[in-house]
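Q: Structural data only, the sequence is not supplied:
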Ligand SMILES: Nc1ncnc2c1ncn2[C@@H]1O[C@H](COP(=O)(O)OS(=O)(=O)O)[C@@H](OP(=O)(O)O)[C@H]1O
Ligand SMILES: Nc1ncnc2c1ncn2[C@@H]1O[C@H](COP(=O)(O)OP(=O)(O)O)[C@@H](O)[C@H]1O
């Protein structure tokens, strides 16, 4: 990049890891609207907080109120949405945090790019809930509106979702309750030596 030079930080990541007592990582939740991403991410976040970990959840609905409020739901906007989230999540891991990202993130290529940037600090969690179950839950009434033709490009109905092939954690929420699902994520963090 022309005329831009990376500035070294005075506090190193190793120092932050030392004072936090855990490693940073991105817990990348992906799944259909209503699959349970936000619910599970927040239960995991609470468990991490209670263990004294430094963590935060970036949530699709919340981020689209601010940083990404200029973006819609056509393919190009979704790619840009995930690109920005990837960058923000990486800054947050550089600050030593365990970051949960709860975005539909429908395209495999975008998730793979996030994985590449985060290197070993990336845990993909597929919140695998069949469309019929999401539609039955319909916590925000969006599927009803999408079926009525009131929301264009709705994921699973008029916009694609590419499921992960080899996620680190695969949560089939139709046969797992929220607590069991969150506990599987915590176990994965322990196995990967993020927390002890
Ligand atoms: N067209 C369309 N398709 C899907 N979702 C829609 C749409 N319009 C609005 N919403 C609401 O926006 C939330 C998804 O935003 P994301 O940033 O996670 O989407 S994406 O990753 O860019 O695909 C999503 O939130 P979740 O239900 O939490 O997934 C919806 O509440
Ligand atoms: N096993 C489960 N895992 C996650 N959510 C579940 C489960 N069973 C029922 N739910 C409900 O499904 C809804 C999921 O909504 P939400 O977490 O907002 O999904 P998303 O963030 O993927 O759109 C919530 O109302 C939640 O209580």
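A: Here it is on my side, so go on. None of the values given here were measured: they were computed from a predicted structure. Ligands and ions are numbered 1, 2, ... in the order given.
Q: and the residue of this protein nearest ligand 2?
A: Closest residue of the chain to ligand 2, CB to the nearest ligand atom: residue 36 (2.5 Å). Using the backbone N, CA and C atoms, a C-beta is placed for each residue, glycine as well.
Q: Spit out the contact partners of that residue.
A: Residues counted as contacts of residue 36 (CB atoms under 8 Å, 6 or more residues apart in numbering) are 127, 129, 171, 173, 178, 181.
Q: hmm, which helix or strand of this structure has the shakiest average pLDDT?
A: helix 60-63 (a mean of 90; mean pLDDT, DSSP states H and E).
Q: Can you report how many residues lie near the residue of the chain found nearest ligand 1?
A: Residue of the chain nearest ligand 1, by CB to the nearest ligand atom: residue 60 (2.7 Å). Using other CB atoms under 10 Å, residue 60 has 19 neighbouring residues.
Q: If you drop the residues flanking it in sequence, what lies closest to it?
A: residue 103 (4.5 Å; CB to CB, 6 or more residues apart in numbering).
Q: how about the strands in the chain?
A: Remark: strands assigned in the chain by DSSP state E are 25-30, 55-59, 98-102, 122-128, 169-172.
Q: Each with direction, which strands does the third one pair with?
A: Translated: strand 98-102. strand 25-30 (parallel), strand 55-59 (parallel) (DSSP bridges).
Q: Rebuild those as a markdown table, extending it with mean pLDDT, mean neighbour count and distance to residue 134.
A: Shown next, in a markdown table, are those (pLDDT from 0 to 100; neighbours: other CB atoms under 10 Å; distance: least, CB to CB, whole Å):
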| stretch | mean pLDDT | mean neighbour count | distance to residue 134 |
| --- | --- | --- | --- |
| strand 25-30 | 98 | 27 | 13 |
| strand 55-59 | 97 | 19 | 17 |
